[in-house]
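Chemist: Build me a structure from this.
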Amino acid sequence: MPSVSDVLRKAAVGAVAAHLTWEAVTLARARRTARTALKKAPPVDDAGNAVLHLLVPGLREQPYVQRTVEAFAAVRDRYPYAHIWFVTTARELGEGPTTRELLEKELAARDAARMAVIEDPRPVGNKASQLNWAVEHIEGQHIAGQRQRIAGPQEDGDPVWFGVFDFDSQPPPELAAWVAAEAAGEREPEVVQAVPLATGCLSGAPERSWPRAVVRVEALHQAVRSLGVERWKLDRAAEGRLMPQYLVGAGLFVRADVLREVGGFPYVDDVPLGYRLFLRRARFSTVPVLNRVDLPDTVSAHLASLKFIARGITTWPEVLRETRGVRAVDRWRLAGLGVADTAEITVLPWLAAALTPGVLLRGPVHERALFTAWWAFPLVQTAVMRRVLADEMNAEEWRVPAVGLVSAGLGRRFWRTFGAWRLGADAVRARLTGGQVAFGKADRAVTELQGPA
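Modeler: The predicted model follows:
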């Protein structure tokens, strides 16, 4: 009879094998999805009449103001029922002009039809509370009378949608028209996600070699998730398949009535919202264009963002606790996804590292091959995605010595766990001191202000 330690060891080896298989399948999906996702989409034939309110929340976003307004003005110009709302907050502190002041100056210098700045007046809160305040403000002050103010074939039955974008988003001009066309499609989706793709920084590639290696590897590996997980699942959803979805708060559109049904934006506005909408059996879809976003341009900013990611992924237990009256099979599917993802961002890389010496020295041949492949796979993934994104990332600008790419690729297995462990440590500290876990905005290297002269 095998001992308990043998059983645990085999279970651990099995977990490593399962995760490696999942990574290989995801990479293959990303390559396949990229063939269509990275191509230029055809023109929109019939965009429909859906009213789209695009929310662009901002906190200390001065470097992005001019670029962001220009990008969303182009989106507005391509679809007559798109309204752009730049949502600032009274929480913003800083010297010099605020994000709101720069936005108001920028809008005053151009045609600002269907574009406005609104500010959450509360001195406390977070991105989710900022978004929920904006939804309440727009529904109370704007939607009630918009039918009389919008020229065109608007009727009372035309749907109203809310879209969310990060302030550094660079959506293609056709995005709103594509979303409206998808909303009017045969399946009548309730959620439309334009998948984000991050391949650059506002300030360009970092000057130092090591930060540049970290940022480049992160871009390549994030693209695997965007194309091989989020976009792949959404493509399947458009075909009628229902599966747990990762939503991303950059290019996310939710029909207004559905957003009210699920209680608005949760504390972390994207991943748990996807969990809740999946359990509600919402109809998901996507569009044939990508939303370009910027990468954090420092190592510290990357590590800070991991805490937000960990917070979103690990909300699945509380989502399950709050949800009643849904199918048991859907709850089990969400729990299975949550357990696997939580293991990946907490213990799995360290478990594999602890097992590696014994396996390579004394393990059977198949286990040696497994663990060799497990360590080599990040390098394979980096090499594959460099080819896939060759037209997206300038090779000269992002030139990194081979040793930098190798070390960053291997290191990513471990630094992805830092966010979860930091989140856990902060939660323990908050419990002992009676405080709350803080989620601060990650600072970027860019310091110059952009705005109208």
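Chemist: in the stretch 351-453 of the chain, which ranges drop under the pLDDT threshold?
Modeler: 439-453 (pLDDT under 70).
Chemist: Quick one: the strands in the chain, in order.
Modeler: For the chain, the strands defined by DSSP state E occupy 51-57, 82-89, 115-120, 160-164, 191-193, 196-200, 252-255, 284-286, 291-294.
Chemist: Any idea how far apart the tips of stretch 48-60 sit?
Modeler: For stretch 48-60, the first-to-last residue distance is 36 Å (C-alpha to C-alpha, to the nearest Å).
Chemist: next one: that stretch to chain centre, how far?
Modeler: Chain-centre distance of stretch 48-60: 16 Å, with C-alpha atoms, centre = their mean, to the nearest Å.
Chemist: Which positions within that stretch qualify as buried?
Modeler: Under the neighbour-count criterion of 16 or more other C-beta atoms under 10 Å, stretch 48-60 has 48-60 buried. Bear in mind the C-beta positions are built from the backbone N, C-alpha and C, glycine included.
Chemist: got it, and stretch 274-292?
Modeler: 274-280, 282-292.
Chemist: Kindly report the same for stretch 185-199.
Modeler: Buried residues in stretch 185-199, counted by 16+ other C-beta under 10 Å: Pro189, Glu190, Val191, Val192, Gln193, Ala194, Val195, Pro196, Leu197, Ala198, Thr199.
Chemist: for stretch 21-34, same thing?
Modeler: Quick answer for stretch 21-34 (16+ other C-beta under 10 Å): Glu23, Thr26, Leu27, Arg29, Ala30, Arg31, Thr33, Ala34.
Chemist: show me where pLDDT drops low in this protein?
Modeler: For the chain, applying pLDDT under 70 flags the ranges 94-95, 142-157, 267-269, 439-453.
Chemist: looking at it, which residue ends up farthest from its center?
Modeler: In the chain, the residue that sits farthest from the middle, by C-alpha atoms, centre = their mean, is Met1; the gap is 47.3 Å.
Chemist: ok, now how distant is that one from Val13?
Modeler: For Met1, the distance to Val13 (C-beta to C-beta, to the nearest Å) stands at 19 Å.
Chemist: How about Leu102?
Modeler: 55 Å.
Chemist: Between these two, point out the one with more neighbours.
Modeler: Between Leu102 and Val13, counted using other C-beta atoms under 10 Å, the more crowded position is Leu102 (25 against 20).
Chemist: any idea which of the buried residues of stretch 48-60 is the one closest to Val215?
Modeler: Ranked by distance to Val215 (C-beta to C-beta), those are led by Arg60 at 20.4 Å.
Chemist: In this structure that closest one contacts Glu92, no?
Modeler: Yes: under the criterion of C-beta atoms under 8 Å, Arg60 makes contact with Glu92 at 6.0 Å.
Chemist: residue contacts, the residue nearest the centre of the chain?
Modeler: Central residue of the chain (C-alpha atoms, centre = their mean): Val248, 3.3 Å from the mean position. Counting by C-beta atoms under 8 Å, 6 or more residues apart in numbering, Val248 touches Gln193, Val195, Pro196, Ser226, Glu230, Asp270.
Chemist: which residues touch the last one?
Modeler: For Asp270, the set of contacting residues under the criterion of C-beta under 8 Å, 6+ apart consists of Val164, Tyr246, Leu247, Val248, Gly249, Leu252, Gly312.
Chemist: Please produce JSON lines containing those, extended by distance to Ala425.
Modeler: Formatted as JSON lines, those follow (distance: C-beta to C-beta, whole Å):
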{"residue": "Val164", "distance to Ala425": "29"}
{"residue": "Tyr246", "distance to Ala425": "25"}
{"residue": "Leu247", "distance to Ala425": "27"}
{"residue": "Val248", "distance to Ala425": "26"}
{"residue": "Gly249", "distance to Ala425": "25"}
{"residue": "Leu252", "distance to Ala425": "30"}
{"residue": "Gly312", "distance to Ala425": "18"}
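Chemist: what ranges do the helices span in the stretch 1-150 of the chain?
Modeler: With DSSP state H, counting those that start in this stretch as the criterion, the stretch 1-150 of the chain has helices at 4-37, 65-78, 99-108, 127-138, 144-149.
Chemist: Mind checking those for the one nearest to Val380?
Modeler: Across the helices of the stretch 1-150 of the chain, closest to Val380 is helix 4-37 (C-beta to C-beta), at 7.7 Å.
Chemist: That closest one: how far from the chain's middle?
Modeler: Relative to its parent chain, helix 4-37 has a centroid offset of 22 Å by C-alpha atoms, centre = their mean.
Chemist: Check which helices and strands that helix is in contact with.
Modeler: On a contact count with 3 or more C-beta pairs under 8 Å, 6 or more residues apart in numbering; DSSP states H and E, helix 4-37 meets helix 209-225, helix 232-238, helix 328-344, helix 348-362, helix 365-388.
Chemist: could those be laid out in a markdown table, adding mean neighbour count?
Modeler: Putting these into a markdown table (neighbours: other C-beta atoms under 10 Å) gives the following:
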| stretch | mean neighbour count |
| --- | --- |
| helix 209-225 | 22 |
| helix 232-238 | 20 |
| helix 328-344 | 15 |
| helix 348-362 | 15 |
| helix 365-388 | 16 |
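Chemist: Including distance to Val403, could the ones you listed go into JSON lines?
Modeler: As requested, those are exported to JSON lines (distance: least, C-beta to C-beta, whole Å):
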{"stretch": "helix 209-225", "distance to Val403": "9"}
{"stretch": "helix 232-238", "distance to Val403": "32"}
{"stretch": "helix 328-344", "distance to Val403": "26"}
{"stretch": "helix 348-362", "distance to Val403": "20"}
{"stretch": "helix 365-388", "distance to Val403": "12"}
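Chemist: Go through those helices and name the closest to Ile118.
Modeler: Closest to Ile118 of the helices and strands packed on helix 4-37 is helix 232-238 (C-beta to C-beta; 29.7 Å).
Chemist: neighbouring contacts of the closest one?
Modeler: If you take C-beta under 8 Å, 6+ apart as the criterion, helix 232-238 is touched by 29-30, 33, 187, 189, 193, 195, 243, 245-246, 283-286.
Chemist: Give me the common contacts of Arg60 and Glu92.
Modeler: The contact sets of Arg60 and Glu92 overlap at Thr99 (C-beta under 8 Å, 6+ apart).
Chemist: Could I get the contacting residues of the closest residue to Pro349 other than its chain neighbours?
Modeler: Among residues not flanking Pro349 along the chain, Arg413 sits closest, at 4.3 Å (C-beta to C-beta, 6 or more residues apart in numbering). Listed by C-beta under 8 Å, 6+ apart, the contact partners of Arg413 are Pro349, Ala352, Pro378.
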